[in-house]
Structure formats: structure tokens, C-alpha cells
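Peer 1: What follows is a predicted structure for the sequence shown.
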Amino acid sequence: ILYTAVGAGEGDLEQGGAGGYSGLGSALENAGYTVRSLPLAVVDAIPADAAGLIILAPQRALPGRALEAVHRYLDDGGALLAFLEPGRTTGLASLLARYGLGSPDRWVVDPAALPVEGEPPGLSPVASAYSSHPATPGSTRLGAPGPQLGPGPRGPPRVRPRKTTPVVCTRSTTASTRYC
């Protein structure tokens, strides 16, 4: 079971459009995951049956109690997928820093990306390659298998990163410059 946090204005796996993550929700369900909501503000611990916790771009700060529950869950080997929005103070950045992960308060801009659905150019990056990382098994070239959603033969990987590694890279259309 994958739990998705609710209660701090997080994105919705069932909603389409600008604030929704229905594509991700569909991909997770197609991969065989059961997805349930978890109101982090009122729990003392992440449920023991959690294969992972998803926190989708909260709009408000998560309560200290919730952050401590996530911290204990990660220390016990839990898996977290966190989407962070620039300009939002949620408490997740300091939690992730405990594990050597940083989240600069910046937008991802791909200078080679064309406008998508009315967005300004560059704000809808398209992945052309994946770097070597446990989350991107197999080849790293364009068109080859990239990140796969699904438990695989032994369940989802439980990686406790000690350093960050770029996972998605793009390439300029006018030069051989690679952006990671």
C-alpha cells in the first residue's frame, strides 16, 4: 500500500488539470499499487503496511508531529516520494536535509523545452536520458527503459541516499549541452 499525505493542501492523485496528479495516480494503480490517503497531521506513525509514502507539493507547513512520524518511518527503512514547490515552507526541506538531500528554492527550467499546454517555454521539461541510479534501472539513453513504477521482484527499492545523483537529464536542441 502506498499512502499519500493529505491535510496540508497536497496535490491530488485523482484530480486532473493544473493542481492534479491523476497521471501519476493512474500509473501507480496500473503498476498494481493500492493507494490510500493518510492525514499526516493526526497520525503518530506511518502505518506498518506502507510500501511507501507520497507527499505531493504541500501548500502549508506540515505539523512537527507529522514530520517526526515521517522521520521515524524513514529511519526504519521506509520509502518517501516528495514533490516540493518553490516558495513554500513545509518543513520537508529540513527533514530531507537529515538524509543529505537538498531542495533549492528554485524552478526547474529546461531551455530546450517547447511550450506545453500554454505554459511558458522551458517550464515543462522533457526527459531525454536518465542517469545511472537505483531508481533508473537499465539503460540511460533516450528511448530505453527509464524509471519504472512497480514493486519488481523484491518490492520497491529502499535506498538511503548518502549523496544526491541527478535522475533526469535533458539536452539542448541547438547544442550538445546536457542539463542535469
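Peer 2: Received it, and whenever you're ready, just let me know what you need.
Peer 1: Please enumerate the helices of this structure.
Peer 2: 22-30, 64-75, 92-97 (DSSP state H).
Peer 1: Relative to L56, which of these is closest?
Peer 2: helix 22-30 (8.0 Å; CB to CB). C-betas here are computed from N, CA, C, even on glycine.
Peer 1: Would you indicate which residues of that closest one are buried?
Peer 2: Of the residues in helix 22-30, 24-25, 28 count as buried by neighbour count, 16 or more other CB atoms under 10 Å.
Peer 1: who wins for proximity to P47 among the helices of the chain?
Peer 2: When the helices of the chain are compared by CB to CB, helix 64-75 sits nearest P47, at 9.2 Å.
Peer 1: you'd agree E29 is up against G23?
Peer 2: No. E29 is beyond contact range of G23, at 11.0 Å (criterion: CB atoms under 8 Å).
Peer 1: T4 touches V35, doesn't it?
Peer 2: Yes. T4 is within contact range of V35, at 6.0 Å (criterion: CB under 8 Å).
Peer 1: Mind listing the shared neighbours of these two?
Peer 2: 13, 54 (CB atoms under 8 Å, 6 or more residues apart in numbering).
Peer 1: I am finished for the moment; much appreciated.
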